[in-house]
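# build the 3D model from these lines:
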Amino acid sequence: MQDRGETMVLASFVGDSLALGAHWIYDADKIAREFGRVEQLLKPREDSYHSTKDQGEFTHYGDQTFVLLQSVAAAKGFDLQDFFRRWQELFRDYKGYVDGATKGTLRNIAKGKGPDSSGSPSNDLAGAGRIAPLVYCYRNDLDALIRAATAQTKMTHADPATVDSAEFFARVTFKILGGASPTAAIREVAKERFSDTTIAEWVQDGIDSRDQESVPAVGSLGQSCHTPDALPAVIHLIVKYERNLREALIQSVMAGGDSAARNMIVGMVLGAHLGKGSLPEEWVSGLKKAEEIGSLLGQLK
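Got it, this is the predicted structure:
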């Protein structure tokens, strides 16, 4: 499990960085035409939302996940107040893109709200996409993992379905680290914990699309940041490419839209399943913070 746990975290970060160059381009034909098949980490172009970033860096999602990893390593567990403090410090003089969820959360903090009530109403799945460091930390304690995953999500994204999505993917990845296949884990968690909910419906939509080509499938399910669109697309990528993490991440980028949020979850889930060797070495070594990530994970062994 140790190797698969480390790969799980690295794959989540790599997925975000692979998406950086073409992130939030919704025209899949434009991505194919102007970038070709995205098989390497790219520096964003001048007209990108992430023009201040360099090849191998993260979107604002990955930056927040890195802060969460720093917090968990320092506290030897999840400390909401510590993450809250570090998260605010990240955005005190942030040079990257600041999205609506972050702006809304910062406004609530300015009104005096604490981490239990600061979350924006955003339903962007990225709020649930930061959890790989928590799954690693609590890989032997499901109850603690669920408490931490939902609390960190709610701190910035208070939409109930998005908070539930954090629990869903935490449970799925926990099962995978325990030996279940991704498809089996997804089906089990949907049935055991989320039956008769919209999450179960979104999961089924994703599973039902797995025989379709991914670019049109994601286009049909939804390319956007919002959980009702993004969650089925994530499920599609996981079940279709259960044995091929590399292809899952590439296809997500080629499908356009919020590929970074999708990739963070797809990378986490499939990295937990496939372990070392499933990620191209040049992707891992190309991360600007690869050594720091490794060091921080080492503090949690």
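
# and the helices in the stretch 1-150 of the chain?
Counting by DSSP state H, counting those that start in this stretch, the stretch 1-150 of the chain has these helices, from start to end: 2-19, 28-35, 60-75, 80-90, 100-110, 132-137, 142-156.

# make that the stretch 151-300 of the chain, sorry
Across the stretch 151-300 of the chain, reading from the start of the chain, the helices by DSSP H, counting those that start in this stretch fall at 160-177, 182-193, 198-208, 214-221, 227-240, 245-255, 259-274, 281-285, 290-298.

# what is the orientation angle of the third one with helix 214-221?
In other words, helix 198-208. Computed by axes from the mean of the first three to the mean of the last three C-alpha atoms, to 10 degrees, the angle separating helix 198-208 from helix 214-221 equals 150 degrees.

# can you pull out the low-pLDDT segments for the chain?
Applying pLDDT under 70 to the chain flags the ranges 1-2.

# ok, back up a step: okay, the helices of the stretch 1-150 of the chain, which one's buried deepest?
When these are scored by mean count of other C-beta atoms under 10 Å, the highest mean neighbour count falls to helix 132-137 (a mean of 28). C-betas here are computed from N, CA, C, even on glycine.

# how about that helix as PDB, C-alpha atoms only?
Taking only C-alpha atoms (Å, rounded to 0.1, in the frame of the first residue of the first chain), the coordinates of helix 132-137 have been written out as PDB:
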ATOM      1  CA  ALA A 132      -5.200  12.900  -1.900                       C
ATOM      2  CA  PRO A 133      -2.900  14.100   1.000                       C
ATOM      3  CA  LEU A 134      -5.700  13.200   3.400                       C
ATOM      4  CA  VAL A 135      -6.200   9.800   1.900                       C
ATOM      5  CA  TYR A 136      -2.500   9.100   2.300                       C
ATOM      6  CA  CYS A 137      -2.500  10.400   5.900                       C
END
